[in-house]
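**Student:** got a structure for you, letters missing:
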Ligand SMILES: O=C(O)CCC(=O)C(=O)O
């Protein structure tokens, strides 16, 4: 039935929706959907219109007016605040990360935009109601890390090559090792607020492929194949997949830790823009953390 309903959706579509991805209106959110995704009772959900069109426009113009010297250029576009990948020590680079993060917070406050991060927090509280929601601390400096980043995907830079959160974590163990103790690091979830879609491309492709039996790629940036635990190279073309395309103001949460996925190349002159990060629970199962 769920699959039949989704055939009509402009947000979740494809020949076969082989994972349980749902579309839920913001006002109908309840219970512990985040926990349901963590435990794979469902695999993901798009909450529609968490932010109105007017609010999305305000966020876009806030990003537009920001001082771009605090943006960090990556291989596929720009990030604000800086991504954790810039932290390669516990000294200068760590300070640089926190300076850039403090600019992000002061820019939000000075421009009267705190409602944006507050709404995000309320959203998490609404779909994880049994848990205390928190942004984790970096234990070296005892300060909260970023709640997420604005991600600007420029046209024709390749989107994000196929990956899953567990693969990503394995590549950035330094950052994860600096997060406060007591967080369950297994099978983190992914979230993002969709702020602007590209004219063409930029969709999220979900593959029928899990970390349980695929943990490698021929090279980190390769976007054509993966290597399974039996050592076989598998072409992405041969793997079932479907598309998730949230609309501006929606938030997607999904099991991005174990499920392999990618962001399609952006075509047309409009960049794709999101605010996204990761989610996981405390080991004692009382708190839920979101960060980037
Ligand atoms: O922006 C997206 O569609 C997905 C982001 C992503 O790949 C991730 O959170 O792992």
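**Tutor:** Received it, and whenever you're ready, just let me know what you need. This is a predicted model, so every value here is computed, not measured. Numbering: from 1, shown residues only.
**Student:** least trustworthy helix or strand in this protein by mean pLDDT?
**Tutor:** helix 2-6 (a mean of 55; mean pLDDT, DSSP states H and E).
**Student:** So residue 22, which state does it fall into?
**Tutor:** strand (DSSP: H, G, I helix; E, B strand; the rest coil).
**Student:** Tell me, how many residues neighbour it?
**Tutor:** If you count neighbours by other Cβ atoms under 10 Å, residue 22 ends up with 19. For every residue, glycine as well, the C-beta is placed using N, CA and C.
**Student:** contacting residues around whatever residue of the stretch 1-150 of the chain ends up closest to the ligand?
**Tutor:** Closest to the ligand within the stretch 1-150 of the chain is residue 148: 9.8 Å, counting by Cβ to the nearest ligand atom. When contacts are counted by Cβ atoms under 8 Å, 6 or more residues apart in numbering, residue 148 touches 120, 191, 192, 193, 275, 276, 277, 290, 291, 292.
**Student:** So the first one belongs to a strand, correct?
**Tutor:** No - with three-state DSSP as the criterion, residue 120 is helix rather than part of a strand.
**Student:** What's the separation between it and residue 251?
**Tutor:** Residue 120 is 8 Å from residue 251, where distance means Cβ to Cβ, to the nearest Å.
**Student:** Show me which of the two is the more surrounded one.
**Tutor:** Set residue 120 next to residue 251 and count neighbours by other Cβ under 10 Å: residue 251 wins out with 26 against 21.
**Student:** got the contact list for that one?
**Tutor:** 46, 47, 50, 120, 123, 191, 192, 193, 194.
**Student:** so can I have TSV of the residues you listed showing secondary structure and pLDDT?
**Tutor:** Converted to TSV, those look like this (DSSP: H, G, I helix; E, B strand; the rest coil; pLDDT from 0 to 100):
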residue	secondary structure	pLDDT
46	strand	98
47	strand	98
50	coil	98
120	helix	97
123	helix	97
191	strand	98
192	strand	98
193	strand	98
194	strand	98
